[in-house]
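# fold the following and give me the result.
(chains A and B)
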Amino acid sequence: MTATTAPPPRPDAAPGARRDAAPGARRRSPATWVRGGGLSNLTFLLPLLVIFGVFSWFPIVRAVVMSFQETNLVTEPTFVGLDNFRQVLADPILWRAVRNTAYFAFLALLFGYPIPLVVAVLMREVRRAKGLYSALAYLPVVVPPVVAVLLWKFFFKGSPTGVFNTILGWADLGPFPWLQDASWAMPSLVLAATWAGAGGTIIIYLAALTSVPPELYDAAEVDGAGLWRKIWHVTLPQLRGVLFITLILQVIGTAQVFLEPYLFTGGGPNNATVTVLLLIYRYAFQNSLGGDYGAATALSLMLAAFLAVFSLVYFRLTRSWSTT
Amino acid sequence: MKSTRQVTALTLAGALAIGTLAACSTDGSDDGDSGSDGDGKVTLRVVSLLPGSTEEAIAAFEAQVEEFEAANTDIDVVPEEYEWKATTFAAQLAGGTLPDVFEIPFTDAQGLVENGQLANMQEQLDSLPYADRFNPTILEAGTGEDGDVYAIPAKNAYPVALHYNRALFEAAGLDPDQPPTTWEEVREYAKRIADANPGVAGYATMTQNNTGGWQLTAQTVSRGGRTVEVDPDQGATATLDNDGTKETLEFLRALRWEDSSMGSNFLLDWGSINQEFAAGQIGMYTSGSDIYTSLVQTNAIDPATYGLAPIPLSDSADAATLTGGTLAGVPANVSEEVKDAAIRWIDFFYLNKLVDEERAVADAETLVANDQPVGTPVLPLFSQEQYEENQEWIKDYINVPLDQMTAFTDAMFALPLAGEPSQKTQEIYALLDPLVQAVLTDEDADIDSLLEDADAQAQSLLDQG
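Numbering: from 1, shown residues only, chains lettered A, B, ... in the order given. Now for the predicted structure:
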């Protein structure tokens, strides 16, 4: 490489030098920028910027604008200030939806969070047919969600001939109403959602477990530690970085739960499974003459703001525990 | 200079990529695929059948499209599967992706006209030789405040009726030719069917996607109640806590919790209740009188099991049969030539077969050749005489089991009819869905308090205008 084609020093290579220079003193001419590959960088970046801009950022900005408008995307929108937010906050169903979502999140954490971890740790101990177990664990993730829901609907049939009720009937249990009862519906959804989502988390944990140095286990074994002490004193501390991330991802995921209540129960019975996202959907699409997109985007923004604040607080609180 | 060449090549590649993106966006922003194409033909996107229809139904539809295109060589018909659902319709409406000829329920026409979403079709309608023969009440459903017609009566008008499974009646020792005529008999029969056929619902009702509210309203009206009262100044009052609605909910509660005759699935909408009924899982339910066609086309029902009767009416002087129907609309933003093409399709596919013998016979021949139902009883779009004349034309082709529907057909022209509520119809139906679900899933549901809450919410919706 000759001196003429040598790239200029990367800005991050000598940040101190840049900061010390007088403003404008080191400014490169457009020709230098082009010769230095600036144009090709921009060229590669442009499709990404355009695609993100059109399909992500523009809708987000548009949603913010719409949340201050009365609009059904059919008639001319009018600015209404904070009315949409007031309207949403005054809706009695909102608090029902918030409670339902929190209940779903709680149950999903209670069952959906530890189960993949336990399964991953047990799978790590398996010596034979590891691939088969991994495939079996991951299989539900591969099944298209709508197909899975239709299958689960058969399992959840409330009559004594339903799959689950038949199986439980062998032990003289049930029949249980599953989706057909306000108090049973949400745990039923969590059961299906845990089955559908556990595989992905198990794979993440399995990958993380491979990074745990085996000598730690050897040392623990030399010290006389059994399986549970190895898990408690070696595995969990080594996984804590991943555990923190999966926890926050799970909270965000469960706060946005939509598919299960939409496909299984439509929010019923008697709004027992209406979640915040399903409510947003209803605002937007329930009225065939044009939905209330202002209210829908207002609630979306409130949810996004809540999750952003929650994530921030979570990372602040757990910063000292994190491995990174 | 390696860098200059590479930069030039990359710039070109980038420009091409951006150009492609821009081209995509140009294609996408074109107003659908409608309008004139290169060879001067008008492309007309029309609704076809329900998603999931049988191959025979699709073949019959395609044969009709071919016949139309042969007679109208300047029109290219593009069929699109379609099921009117409040939620999907709202999305299609907002996204501007509705076909050029779409179907809407009577209840939505006025709102769509007010929102400027429907094309004015008066001129096109006037071109039809039978334009002045429509039943004025039905034509009014699609007429705007300016007196022009925007949505044209098409497909059908129907009263809500009682559908029953004859095989389940027989299995319960009931005479399938003597369907129930009172709600008390419905309850009694439902209990006998459920007792005789374990796992089967003797009686079921819709509860989801606004259909719970729709059927609660139909059953309320059949008991003489009304859910919304409109005064002469168009001021609307919610009356959800009327006696008819209370009686209906008490009736459902009794069947569900005292008789255990409503099965175990209480989350049903129009499509899923049809599915369960066709599968022999439901003894009786109420829905539009025309659903036999869809039960054949989508759910492969065994015709021998089907029975149709009027919805039972109470002794109240206001007891009536709720009616509904379908109109054909055209989006407001289409060109005149698409509107002209649309009326020709509406004439061919929906209407001419009702008033023209040759066309009626040709249509029936096509349907019968593809094993599609002909002769499902509906309300006349024109007049009773016209309807009966039409039935006479096609009598050799009628293949629906009319002798299993005599309880309905003998009474259909004498039924007292009532239209659906005219204001905030679907929104109030949506409010009523959870109420029906509550009664069917919670033994201790407080009907009075539920109705009081729903009534207050309905009134606030009506007050919004």
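# hey, where'd the strands end up in the stretch 1-150 of chain A?
A:69-70, A:78-79 (DSSP state E, counting those that start in this stretch).
# residue contacts, residue A:79?
Contacts for residue A:79 were tallied using Cβ atoms under 8 Å, 6 or more residues apart in numbering or on different chains; they are A:68-69. Every C-beta, even on glycine, is put in place using the N, C-alpha and C of the backbone.
# rounded mean pLDDT for stretch B:109-116, please.
Stretch B:109-116 comes out with an average pLDDT of 86.
# ugh, typo on my part, it should be stretch B:423-438
Mean predicted lDDT for stretch B:423-438 stands at 93.
# hang on, residue B:151 packs against residue B:327?
Yes - at 3.7 Å, residue B:151 counts as touching residue B:327 under the criterion of Cβ atoms under 8 Å.
# thinking again about what came up before, of the strands of the stretch 1-150 of chain A, flag the one that's most buried.
Mean neighbour count (mean count of other Cβ atoms under 10 Å in any protein chain shown) peaks for strand A:69-70 among these, with a mean of 18.
# same for that strand, what does it pack against?
strand A:78-79, helix A:83-90 (3 or more Cβ pairs under 8 Å, 6 or more residues apart in numbering or on different chains; DSSP states H and E).
# can you add mean pLDDT and distance to residue A:116 and give the ones you listed back as a markdown table?
Formatted as a markdown table, those follow (pLDDT from 0 to 100; distance: least, Cβ to Cβ, whole Å):
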| stretch | mean pLDDT | distance to residue A:116 |
| --- | --- | --- |
| strand A:78-79 | 93 | 47 |
| helix A:83-90 | 95 | 34 |
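# so which of those is nearest residue B:68?
Across the helices and strands packed on strand A:69-70, residue B:68 has its closest neighbour in strand A:78-79 (43.0 Å, Cβ to Cβ).
# the closest one pairs with which strands, parallel or anti?
The sheet places strand A:78-79 alongside strand A:69-70 (antiparallel), with pairing taken from DSSP bridges.
# the residue in chain A that chain B sits nearest to: neighbouring residues, count only.
Chain B sits closest to residue A:43 of chain A, with a gap of 3.2 Å, by Cβ to the nearest Cβ. Look at residue A:43: counted by other Cβ atoms under 10 Å in any protein chain shown, it has 20 neighbours.
# between the two ends of stretch B:76-91, how far is it?
By Cα to Cα, to the nearest Å, the extent of stretch B:76-91 from end to end equals 26 Å.
# coming back round to it: out of the helices and strands packed on strand A:69-70, deepest packed?
helix A:83-90 comes out most buried of these by mean count of other Cβ under 10 Å, with a mean of 17.
# quick one on the thing from earlier: now the helices and strands packed on strand A:69-70 as a markdown table including distance to residue B:223?
Listed next are those as a markdown table, based on distance: least, Cβ to Cβ, whole Å:
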| stretch | distance to residue B:223 |
| --- | --- |
| strand A:78-79 | 42 |
| helix A:83-90 | 34 |
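# so which of the ones you listed gets nearest residue B:292?
The closest of those to residue B:292 is helix A:83-90. By Cβ to Cβ, the value is 42.9 Å.
# that older thread, so what sits against both of residue B:151 and residue B:327?
Taking Cβ under 8 Å, 6+ apart as the contact rule, residue B:151 and residue B:327 both touch B:104, B:109, B:141-142.
# tell me how far residue B:130 lies from chain A.
Residue B:130 is 29 Å from chain A, where distance means Cβ to the nearest Cβ, to the nearest Å.
# and that residue, how many neighbours does it have?
Other residues close to residue B:130 by other Cβ under 10 Å number 16.
# ok, for it, nearest residue in space, not its chain neighbours?
Leaving out its chain neighbours, the residue that sits closest to residue B:130 by Cβ to Cβ, 6 or more residues apart in numbering or on different chains is residue B:355, at 4.8 Å.
# and the one you found, how many neighbours?
Using other Cβ under 10 Å, residue B:355 is surrounded by 18 other residues.
# cool, and the one 4 residues further on?
Burial measure for residue B:359: 17 neighbouring residues, criterion other Cβ under 10 Å.
# nearest spatial neighbour of the spatially most central residue of chain A, skipping sequence neighbours?
The centroid of chain A falls nearest to residue A:253 when counting by Cα atoms, centre = their mean (3.2 Å). Nearest residue to residue A:253, sequence neighbours excluded (Cβ to Cβ, 6+ apart): residue A:197, at 7.6 Å.
# assess the claim that the one you found and residue A:141 are in contact.
Yes - between residue A:197 and residue A:141 there is a contact under Cβ under 8 Å: 7.5 Å.
# what's near enough to touch residue B:143?
B:149-150.
# now it: phi and psi?
Torsion angles at residue B:143 (phi, psi; degrees, to the nearest 10) stand at phi -100, psi 130.
# for it, give its distance to residue B:84.
20 Å (Cβ to Cβ, to the nearest Å).
# which secondary structure element of the chain has the lowest mean pLDDT?
Using chain A here. Least confident helix or strand of chain A, by mean pLDDT, DSSP states H and E, is helix A:15-20 with a mean of 44.
# who wins for neighbours among the shared contacts of residue B:151 and residue B:327?
Of all these, residue B:142 has the most neighbours under the rule other Cβ under 10 Å, reaching 28 neighbours.
# with residue B:373 as the reference, measure out to the residue lying closest to residue B:401 once chain neighbours are set aside.
In this structure, residue B:401 finds its nearest non-sequential neighbour in residue B:303, 5.1 Å apart by Cβ to Cβ, 6+ apart. Taking Cβ to Cβ as the measure, residue B:303 falls 8 Å from residue B:373.
# what does residue B:145 give?
Distance from residue B:145 to residue B:373, by Cβ to Cβ: 38 Å.
# and the two? Which one has more around it.
Neighbour comparison, residue B:145 and residue B:373: the larger count goes to residue B:373, with 20 against 8 (by other Cβ under 10 Å).
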